[in-house]
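Novice: Need coordinates for the following:
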Amino acid sequence: MGIASTTIIPAAGNQTATAAFLQNMTLEITPRQAEKLPLIAQHVAPGTHIFVALVDPSHLEDQIAAVAEIRKLGLEPVPHVPARFVQNEDDLKRRVERLAASGGVTRYLVLGGGAPEPIGDYHCALQLMETGVFEANGAKALGVAGHPEGNADIAKLHGDAMLMQALSEKQAYIRDAGLEGFISTQFLFEAAPVAGWAKMLRENGIDLPAFIGIPGPASIKTLAKYAAVCGVGNSARFIRKQALNITKLLTVSTPDKFIEDLAAIHATNPELKVMGPHMYPFGGFDKLFDWLSTLPR
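Specialist: Numbers count the residues shown, from 1 in each chain. A predicted model of the protein is given here:
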């Protein structure tokens, strides 16, 4: 996407800045990780937004059950709704009605989805939004995906400008519908691309608050695997290089500097609306919460 690297200026009072940034933390799980929800509830603040991914259309029932459990535990469920996993408008209505009824869902992350081909009528998030189904079922906020290092699949087919145009169109729909909007990003490994991307968004009139995808503590081997599967961009190069060294494969990498740098952006450049971390627990929840306990809160 041609995003320039940006120098990060440390904020005065790094610990205070980090603590403020972490107050806005969101967390992502898969439906199959619902058994960890009681543990999660012990370690996060009441009302924390817990996103429930849908990486396989056959996991919909598990997603609905997870959403209900999240609400029961006093947390805020945010289910993913990938367009390419929705058959038609009736299918969308049924699932949104069930999510709203079982978990009191008012916030959704509406995505295109990673499947190469749609299973039904939809291929992009905006098509789902334009049905009006979400707000008809009590939605108050719709989130969209962000890609600070670009999206190779979309760029290959439509060019880099399509990402910015799509974000602009989704923001326009969200505003016209009177809903709150936000961006939740793909994970990456360093803050400079985030700063450049956020600046580019604001220059193009997109001012949705952004929550930045951060991989939790995990072995180099695990991080390299996720980076390869998800196709993240240039910031993954150091992970790939380290993975070539067999002696480092089991070394656990923690995103301390990434968090500190993002907190500095949050504190010193509030106009960029880099609001908080969106944590991916790739190395497991025990590692994640042990690491978070060492950070200023």
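Novice: sec struct for the closest residue to residue 148 other than its chain neighbours, please.
Specialist: Excluding the flanking residues, the one nearest residue 148 by CB to CB, 6 or more residues apart in numbering is residue 197, at 4.0 Å. No exception for glycine: its C-beta is placed from N, CA and C like everyone else's. Under DSSP: H, G, I helix; E, B strand; the rest coil, residue 197 falls in the helix class.
Novice: Quick one: neighbours of residue 197, just the number.
Specialist: Counted with other CB atoms under 10 Å, residues neighbouring residue 197 total 27.
Novice: Wait, it touches residue 164, no?
Specialist: No. Using CB atoms under 8 Å, residue 197 makes no contact with residue 164, being 10.1 Å away.
Novice: How confident was the prediction at the residue nearest to residue 148?
Specialist: Here, the pLDDT recorded for residue 197 equals 95.
Novice: quick one, phi/psi of residue 45?
Specialist: With angles defined as degrees, to the nearest 10, residue 45 sits at phi -70, psi 150.
Novice: what number of residues lie near it?
Specialist: Residues lying near residue 45 (other CB under 10 Å) number 11.
Novice: any idea of the pLDDT on it?
Specialist: On the pLDDT scale, residue 45 is placed at 96.
Novice: separation between it and residue 26?
Specialist: Per CB to CB, to the nearest Å, residue 45 is found 11 Å from residue 26.
Novice: do residue 109 as well
Specialist: Distance from residue 109 to residue 26, by CB to CB: 10 Å.
Novice: Also residue 268?
Specialist: Going from residue 268 to residue 26 by CB to CB gives 22 Å.
Novice: got it, and residue 119?
Specialist: 28 Å.
Novice: So the most centrally placed residue in the chain: helix, strand or coil?
Specialist: Geometric centre of the chain, nearest residue: residue 184, 3.6 Å, by CA atoms, centre = their mean. Under three-state DSSP, residue 184 falls in the strand class.
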